[in-house]
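Peer 1: I'd like to go over a predicted model; first the sequence, then the structure.
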Amino acid sequence: LGSVLSNCLLVLGSAFLLGGLRHTSQKFNRQMATTNSGLLMISTMAMLLPAALDASNAERSDSSVLSFSRFTALLLLGTYVLLMIFQMKTHRHLLEEEDGEGDDEERILTFKEAVIWLVLDTVLISGFSEILVGSIEGSAEDWHIPKVFIGVIILPIVGNAAEHASAILVAMKGKMELAIGIAFGSAVQIALLGVPVAVIAAWIMGKNLSLDFRVFETAVVLTSSLSVGFVVGDGESNYLKGAMLVIAYIIIAAAFFIHKDED
């Protein structure tokens, strides 16, 4: 959830804000932006309903919520497959820049070299992430802050530092289409692929992991998805919209800071 919030609000908002300070306004593909917004809302629905069932007074067992979560996770994975077909085959033209900017830029890595570096980076990041996650409890006690604040706010900011910098740089160069692909696209990928894969992997390993992220966390994701949807709906960015998203992220961070960890 932290990565989704960070990409949608902080990274995208910073790109809009700093890009808007250099360019009065920047246009981007409205159809692709609204499509990503709709996909994010679907994934939010998948998280909202288990939390609503858990908070309701309806008579049901925990196994029913777990089964519903696993079924929904499979549907989300199917949706991600459809998104890949949509982007890479049937509607590939929507991802191409209309003005062809960047076509003459010098290629730094070949495809094979890029794949090798990607694999190496993935292995290194996995190892570092394991160390970071293992140190959360001790850090929370030493700093006297909630563990959920570290997990949802601090770790995603550190983990998304490269995406954050890339989105801002391309936005300042006037390539808002690419900036949205980096920020918004990553959030959708996590919501449609990362979260369902975690649920299904736990299922395979015989562990119970549902999409019930509790009412507070789900409400945060819902309001964030709605905010981003309204901001990108007209296909144009400016510094005011960026400031709105960044302020929304700060409000959420403050809410998680006073959030009390469950026993």
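Peer 2: Sure thing, it's come through. No experiment lies behind these values; they were computed from the predicted model shown. Residues are numbered from 1 along each chain as shown.

Peer 1: what's the offset of whatever helix or strand Leu77 lives in from the middle of its chain?
Peer 2: Per DSSP states H and E, Leu77 falls inside helix 62-85. Counting by Cα atoms, centre = their mean, to the nearest Å, helix 62-85 is centred 17 Å from the centre of its parent chain.

Peer 1: Only the buried residues of that helix, if you could.
Peer 2: For helix 62-85, the neighbour count (16 or more other Cβ atoms under 10 Å) marks 65-66, 68-70, 72-73, 76-77, 79-80, 83 as buried. Heads up, the C-betas are built off the backbone N, CA and C, glycines and all.

Peer 1: hmm, who's touching that helix?
Peer 2: 39, 42-43, 46, 49-50, 53-54, 188-189, 191-193, 195-197, 199-200, 203, 208-212 (Cβ atoms under 8 Å, 6 or more residues apart in numbering).

Peer 1: quick one: which of those residues sit in strands?
Peer 2: Residues of the contacts of helix 62-85 located in strands (DSSP state E): none.

Peer 1: if we can go back for a sec, a markdown table please, covering the buried residues of helix 62-85 and showing distance to Ala255.
Peer 2: Listed next are the buried residues of helix 62-85 as a markdown table, based on distance: Cβ to Cβ, whole Å:
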| residue | distance to Ala255 |
| --- | --- |
| Val65 | 25 |
| Leu66 | 28 |
| Phe68 | 27 |
| Ser69 | 25 |
| Arg70 | 29 |
| Thr72 | 26 |
| Ala73 | 27 |
| Leu76 | 26 |
| Leu77 | 30 |
| Thr79 | 29 |
| Tyr80 | 29 |
| Leu83 | 30 |
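
Peer 1: of the residues you listed, closest to His91?
Peer 2: Minimum separation from His91 among the buried residues of helix 62-85 (Cβ to Cβ) is found for Leu83, which lies at 10.1 Å.

Peer 1: Can you name the element that comes right after the helix holding Leu77?
Peer 2: Next element after helix 62-85 (DSSP H and E): helix 111-134.

Peer 1: what packs against that following helix?
Peer 2: helix 155-159 (3 or more Cβ pairs under 8 Å, 6 or more residues apart in numbering; DSSP states H and E).

Peer 1: From the chain's centroid, how far away is the helix it packs on?
Peer 2: With Cα atoms, centre = their mean, you get 12 Å for helix 155-159.

Peer 1: could you give the mean pLDDT of that helix?
Peer 2: Mean per-residue pLDDT for helix 155-159: 79.

Peer 1: and what of stretch 64-79?
Peer 2: The model assigns stretch 64-79 a mean pLDDT of 90.

Peer 1: and if you look at stretch 195-215?
Peer 2: 88.

Peer 1: Buried residues, that stretch. List them.
Peer 2: Under 16+ other Cβ under 10 Å, the buried positions of stretch 195-215 are 195-196, 199-200, 202-203, 209-213.

Peer 1: can you give me the end-to-end distance of that stretch?
Peer 2: By Cα to Cα, to the nearest Å, the extent of stretch 195-215 from end to end equals 17 Å.

Peer 1: what comes into contact with that stretch?
Peer 2: 1, 43, 46-47, 50-55, 62, 65-66, 68-70, 72-74, 76-77, 80, 221.

Peer 1: and if you look at stretch 229-246?
Peer 2: Contacts of stretch 229-246 (Cβ under 8 Å, 6+ apart): 8-10, 12-21, 24-30, 33-34, 36-38, 40-41, 171, 176, 180, 184, 227-228.

Peer 1: Please state the offset of it from the chain centre?
Peer 2: The answer for stretch 229-246 is 17 Å, by Cα atoms, centre = their mean.

Peer 1: One more: stretch 36-55?
Peer 2: 14 Å.

Peer 1: Kindly provide the distance from the nearest residue to Phe16 once chain neighbours are set aside to Ser166.
Peer 2: Taking Cβ to Cβ, 6 or more residues apart in numbering, and ignoring the residues beside it in sequence, Phe16 has Gly242 as its nearest neighbour in space, at 2.9 Å. Computed as Cβ to Cβ, to the nearest Å, the Gly242 to Ser166 distance reads 16 Å.
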